[in-house]
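> just the structure for this:
(2 chains, ligands or ions: 1)
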Amino acid sequence: MNEATQAEEIRDNWIQDNISRKNAGDVLLALTGYRDNQIKTHWLSADGKMKAVTTTCVDAQFASLSPSMPEVAWDEREIHDLFGYQPVGHPDLRPLVRTPRWPDTFFPLQKRSDDFAQWNDVEPDNPAKVVEGEGITIMKVGPTHAGIIESGHFVFSIIGENILHLDAHLFQNHRGVEKALESLPIQEAKPLISRICGADTVSHQYNFLSAMENLAGRRVPESVEWQRIILLESERILSHLNDLAQIPAGVGFTVAHQRGLAMKESWQKGLAAIFGHRFLFDAMYQEKMMASKKEQLQQLLVSLETMWMKWRKLVSRQQGFHDRMHGVGVVKREDAEQLGAVGVALRATGVSVDMRTIMPLYRHNRIHIPQVTGGDVEARFQVRLQEVEHSFALIRNALEHLQGKNQEASWRIPDDLTGEVVSYSESPHGLNVHVVQMKNGVIERYHVRSGAYRNWPVLALAVAGNAVADFPLINKSFELCYSCADR
Amino acid sequence: MNQRKKSLQLRHVDAGSCNACEQELTALLSKDLDIQHYGIDVVASPRHADALVVTGPVTDTMQPALKKVWDAVPKPRQLIAVGDCAAGCGVFQNAYASHGGVESALKKPDLTIRGCPPDPAKILDMLREMMQN
Ligand code: SF4
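Alright, predicted model coming up:
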């Protein structure tokens, strides 16, 4: 075989193998680039089995999957920016993460040594994609905002009152987390993992621990598993309460907004008293605490539920509120599936996918998936309502299994782990994946693909055709974090 | 300057936070702490602000925007760093696209509120103290 046909074969196999995984109904966990010219996808099938598909860059090029799998369009742009590998055939290879301020030769994930010189003294703006034509206005928002929110830059193409196209320029908050994790001794990585995102921190901690345990061959004691469920569900409640409180703010329903925030605050105060942190940072690394706090948590749950019932009544009887949410920011089921939507945004279109049904951690639980369709703001609101109540039940059940005293001293991660492992969980914002490569106890590569990352392009699609004035409402119904997308 | 004892208008810029600091700033506006009660508020434009509140370690992409917002705040003005990241001692300190806090990215803050994230009650106390001085 000559070189050209060999290269062609590599290309065709890469595309074909990935398409057949997708057609088999597998879930794409991540598309990951590596320093040694390797690119891999990891797929998960419904029975929990994982499969990797690999390709190798030739002359720093690889075949783009984006034309047939639009959900990886961002991932491939990111690999192009951070490694300098070019996805050949990509329909839109504008910079995603890097800005004109980055030195041309700077590919942060490519080299181990810091070959960094100096930021260019120019504006960080990347070219925007806009719609051109008569009567079309371009409206730019951000990166700084008028309230207390994370930074993002949005370029709207508008006609009259309606949005034709939204080009979301995220990564304003890109710090370089994946690189910062490389070569860190494993104990020092823990606080950083916790802080990848304030809204999904427990899910990130879980992924990290489960990756390390997988490599170390640790069998996690059942009592520790129940504690983990309690922490994951406590975070889901916290995050959903926040998001449910924000949606009424999007339509000026201040009473529901403020009472929602008050519920969140009381839950947060309670969690801080029990687990020592208002956002549960580093909470899962501690394994010893629970049994003694059982009653405290039970009481906290009762008092939250009392507030919750009143709040639910308040929001369900306001027909005007539901009218405002109905039919706004619609995501069609086909589009959600095509773009690889995850979490609440996906389930709100009628797709019953929740990673908890596959996670071994939840094997003794029956996961109830809300049956909601419509894909609009209302549907996303309803999914969260039901999921909060399901989390109450899951915590109750877990508390019952926490019998007696848990004497478990916290597990110490061995200092000599080697190998590659992929871990995942259902965060409040959907499928959250970590791809971890270790060598002799040191992190070689750490790739984080969070739920928000997958859903940003879905949000951009959801706002098209809606009134500009509804953008805040639609945005809040997704309530995507920037931090774990930008990293 | 006397007016400042009665009111403090804040403009916020997130410069790479993990969003927990933002959530705690938002908690200041909830009915529990109700900062408006003390004459403190968050305003939409830097032109209307007495002080700029910065969260996050200041990413390189946000650095020029942060500088522009600061330049737009009328004098006399104050710069407030909220959280360990902005204070220059957070977990992202050594990441390649982080400028390592407000001081190295812009200038020494007039007030630094430590914590990861700082408790909202502590933020409120320190803001009120600043108003008195
Ligand atoms: S100080 Fe802590 S809470 Fe605040 S942005 Fe930094 S990591 Fe997040």
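> how about the residues of the stretch 101-250 of chain A by the ligand?
A:R195, A:G198 (Cβ under 6 Å from any ligand atom). Bear in mind the C-beta positions are built from the backbone N, C-alpha and C, glycine included.
> what ranges do the helices span in the stretch 101-250 of chain A?
Applying DSSP state H, counting those that start in this stretch to the stretch 101-250 of chain A gives helices spanning A:177-181, A:186-194, A:201-216, A:222-249.
> and those helices as JSON lines, adding mean neighbour count and mean pLDDT?
Listed next are the helices of the stretch 101-250 of chain A as JSON lines, based on neighbours: other Cβ atoms under 10 Å in any protein chain shown; pLDDT from 0 to 100:
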{"stretch": "helix A:177-181", "mean neighbour count": "23", "mean pLDDT": "93"}
{"stretch": "helix A:186-194", "mean neighbour count": "19", "mean pLDDT": "93"}
{"stretch": "helix A:201-216", "mean neighbour count": "23", "mean pLDDT": "96"}
{"stretch": "helix A:222-249", "mean neighbour count": "23", "mean pLDDT": "94"}
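> can I get those in CSV with distance to B:A121?
CSV is the format used below for those (distance: least, Cβ to Cβ, whole Å):
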stretch, distance to B:A121
helix A:177-181, 29
helix A:186-194, 22
helix A:201-216, 21
helix A:222-249, 18
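> beyond the helix or strand bottoming out on mean pLDDT in chain B, next helix or strand please.
Taking mean pLDDT, DSSP states H and E as the measure, the helix or strand of chain B with the lowest value is helix B:3-6, at a mean of 67. Per DSSP states H and E, the first helix or strand lying C-terminal to helix B:3-6 is strand B:8-14.
> so how far is that next one off the chain centroid?
Remark: strand B:8-14 is offset 6 Å from the chain centroid, using Cα atoms, centre = their mean, to the nearest Å.
> go on, stretch B:22-32?
Distance of stretch B:22-32 from its chain centroid, counting by Cα atoms, centre = their mean, is 13 Å.
> so who does the spatially most central residue of chain B touch?
Residue closest to the average C-alpha location in chain B (Cα atoms, centre = their mean): B:V53, at 1.8 Å. Residues in contact with B:V53 (Cβ atoms under 8 Å, 6 or more residues apart in numbering or on different chains) are B:L10, B:R11, B:H12, B:V13, B:L25, B:I80, B:V82.
> could you rerun that using 6 Å?
B:L10, B:H12, B:I80, B:V82 (Cβ atoms under 6 Å, 6 or more residues apart in numbering or on different chains).
> what about the nearest residue to A:H364 once chain neighbours are set aside, distance to the ligand?
In space, and not counting its chain neighbours, A:H364 is closest to A:H401: 7.9 Å by Cβ to Cβ, 6 or more residues apart in numbering or on different chains. Note on A:H401: its distance to the ligand, by Cβ to the nearest ligand atom, to the nearest Å, is 32 Å.
> number of residues surrounding A:H401?
Residues lying near A:H401 (other Cβ atoms under 10 Å in any protein chain shown) number 14.
> tell me the secondary structure for the residue nearest to the centre of chain B?
Using DSSP: H, G, I helix; E, B strand; the rest coil, the secondary structure recorded for B:V53 is strand.
> retrieve the pLDDT associated with it.
Per-residue confidence (pLDDT) for B:V53: 96.
> so how far is the ligand from it?
Applying Cβ to the nearest ligand atom to B:V53 and the ligand gives a distance of 12 Å.
> ramachandran angles for residue 78?
The chain I'm using is chain A. Main-chain dihedrals, A:E78, degrees, to the nearest 10: phi -60, psi -40.
> please go with chain B instead
phi -130, psi 150.
> report pLDDT for it.
Here the pLDDT value assigned to B:Q78 is 94.
> ok, it - contacts?
B:A51, B:D110 are the contacts of B:Q78 under Cβ under 6 Å, 6+ apart.
> what does chain B have sitting close to chain A?
Applying Cβ under 6 Å from any Cβ of the partner chain, we find that chain B lies next to chain A at B:12-14, B:16, B:18-20, B:22, B:25-26, B:30-32, B:44, B:59-62, B:65, B:69, B:91-92, B:95-98.
> of those, buried ones?
For the residues of chain B next to chain A, a burial check counting by 16 or more other Cβ atoms under 10 Å in any protein chain shown picks out B:12-14, B:16, B:18-20, B:22, B:25-26, B:30, B:59-62, B:65, B:69, B:91-92, B:95-98.
> now check stretch B:111-118, is it near the ligand?
Yes. Shown here: stretch B:111-118 in contact with the ligand (Cβ under 6 Å from any ligand atom) through B:C116, B:P117.
> closest point of chain B to chain A, which residue?
B:A20 (3.0 Å; Cβ to the nearest Cβ).
> surely that residue and A:C197 touch.
No. Using Cβ atoms under 6 Å, B:A20 makes no contact with A:C197, being 8.5 Å away.
> mind listing the strands for chain B?
B:8-14, B:40-42, B:51-55, B:78-82, B:111-113 (DSSP state E).
> got TSV for these, with distance to A:D243 too?
Output for the strands of chain B, formatted as TSV (distance: least, Cβ to Cβ, whole Å):
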stretch	distance to A:D243
strand B:8-14	18
strand B:40-42	20
strand B:51-55	20
strand B:78-82	23
strand B:111-113	26
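> so where's the chain uncertain?
As the question left the chain open, I've gone with chain A. Filtered on pLDDT under 70, chain A yields the residue ranges A:1-3, A:112-117, A:289-292, A:404-409.
> wrong chain, I was asking about chain B
For chain B (pLDDT under 70), the answer is B:1-4.
> which residue of it lies farthest from its centroid?
Chain B, farthest from centre, Cα atoms, centre = their mean: B:Y96 at 22.7 Å.
> mind checking how far it is from B:S17?
Using Cβ to Cβ, to the nearest Å, one gets 17 Å for the distance from B:Y96 to B:S17.
> then A:I358?
According to Cβ to Cβ, A:I358 stands 32 Å off from B:S17.
> what about the two, which has more around it?
Comparing A:I358 with B:S17 by other Cβ under 10 Å, the one with more neighbours is B:S17, at 32 against 20.
> fine by me, we can end here.
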